[in-house]
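**Student:** show me the folded form of this:
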Amino acid sequence: MGFADYYFNKNQDFIRHIEEPPKGLLRFITVIPAYLEDGIFLTLQSLKDTFLPEGCLEVIIVVNYSETDSDENKGINNKIYFELIEWSKENSSNELTFYPLLAADLPKKHAGVGQWVLHEKLEWMKRCGDLIV
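**Tutor:** Below you'll find the model as predicted:
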């Protein structure tokens, strides 16, 4: 992959979550964190209703919570995640694809924005690498 070798060598424990190749000419990848975000569906619908550029857009939604979160918060996040799976099946197309991911029970030191940004940056680089063959 060249441009990202440094990151992958440094993060060898990275596990890829999206195996399928990009659909068509991938132009943009957007990553949205979601923690107790019941309004996430309005955000996603707004993206869907927006005029799309030529090519494809992928939206990765990362529902996340820490191992120290309350059972109530974990339940809310799990419910949102499973609703996102169904919503994504009904609303994805060749031009706009939604990928919900669940980062559950993260160690407290890895929970929050910093760790998921690194992880999804790696996911993004792998996806871009799929296009560089």
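**Student:** where do the helices sit along this structure?
**Tutor:** 5-10, 40-49, 71-91, 113-131 (DSSP state H).
**Student:** now tell me what touches the second one from outside.
**Tutor:** Where contact means C-beta atoms under 8 Å, 6 or more residues apart in numbering, the residues beyond helix 40-49 that reach it are 30, 32, 34, 37, 57, 59, 61, 80, 83-84, 87, 91, 96, 98. Where you see a C-beta, it was placed from the backbone N, CA and C, and this is true even at glycine.
**Student:** between those residues, which is nearest residue 19?
**Tutor:** The shortest approach to residue 19 among the contacts of helix 40-49 belongs to residue 98, at 15.8 Å (C-beta to C-beta).
**Student:** residues in contact with the closest one?
**Tutor:** 44, 58-59, 61, 84, 87-88, 91-92.
**Student:** which of these sit farthest apart?
**Tutor:** 58 and 87 (15.2 Å).
**Student:** any regions of this structure where pLDDT drops low?
**Tutor:** Where the chain drops to pLDDT under 70, the residues are 1-17, 51, 109-133.
**Student:** now do 50
**Tutor:** 1, 132-133 (pLDDT under 50).
**Student:** residue 62 and residue 32, how far apart?
**Tutor:** Here the criterion is C-beta to C-beta, to the nearest Å. By it, residue 62 lies 7 Å from residue 32.
**Student:** err, residue 19, not the other one
**Tutor:** Where residue 32 is concerned, residue 19 sits at a distance of 20 Å (C-beta to C-beta).
**Student:** what do you get for residue 18?
**Tutor:** In terms of C-beta to C-beta, residue 18 sits 14 Å off from residue 32.
**Student:** again, but for residue 89
**Tutor:** Look at residue 89 and residue 32: by C-beta to C-beta, they are 18 Å apart.
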